[in-house]
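Colleague: Any chance you can model this:
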Amino acid sequence: MNTFTLRQIPLPVERRLRQLARESRKSLNKTAIELLAKAVGIGPVEKKAMRKRRDVKSVLRPWSHDEFQEFERNTKMFESIDKEIWRA
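Modeller: Below you'll find the model as predicted:
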C-alpha cells in the first residue's frame, strides 16, 4: 500500500476532516481515504480491496532449514557481549 504525506493543509479543512472522523467513529486516515476516493470518482473503497493491499502474507513464507541455518550463522556474533563496551 502506498503512503504519502500532505503538507500545508488549511486549518478549516483539517478541522472539518477531524470532525467527520469523530462523527463517523473512524480514524482520521480512513476518513481521509474515503473522502479522497469519493473526490476522484472511485466511490467507496471496499474493505476486501483494502485488506488485500495490506496483506503481506503473499511475500512472507516459512524459511527452509538451509535458510534458517544461514540466518543462525550470520547472527551468531550478536550473541556475544563485548565487555570493553559495557564496562561500568
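
Colleague: Where does pLDDT dip in this structure?
Modeller: Counting by pLDDT under 70, the ranges of the chain that qualify are 1, 46-58, 88.

Colleague: so where do the helices sit in it?
Modeller: 11-24, 28-39, 47-54, 65-75 (DSSP state H).

Colleague: Would you reformat the ones you listed as CSV and include distance to N2 and mean neighbour count?
Modeller: Bear in mind the C-beta positions are built from the backbone N, C-alpha and C, glycine included. Output for the helices of the chain, formatted as CSV (distance: least, Cβ to Cβ, whole Å; neighbours: other Cβ atoms under 10 Å):
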stretch, distance to N2, mean neighbour count
helix 11-24, 20, 12
helix 28-39, 11, 14
helix 47-54, 9, 10
helix 65-75, 29, 10
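
Colleague: could I get those as TSV with distance to W86?
Modeller: Formatted as TSV, the helices of the chain follow (distance: least, Cβ to Cβ, whole Å):
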stretch	distance to W86
helix 11-24	47
helix 28-39	42
helix 47-54	40
helix 65-75	19
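
Colleague: So which of those is nearest T3?
Modeller: Smallest distance to T3 across the helices of the chain (Cβ to Cβ): 10.0 Å, for helix 28-39.

Colleague: Run through who's touching the closest one.
Modeller: 17-18, 20-21, 24, 26, 43-45 (Cβ atoms under 8 Å, 6 or more residues apart in numbering).

Colleague: hang on, the earlier thing: of all the helices of the chain, which lies closest to E84?
Modeller: Among the helices of the chain, helix 65-75 comes nearest to E84, with 21.0 Å by Cβ to Cβ.
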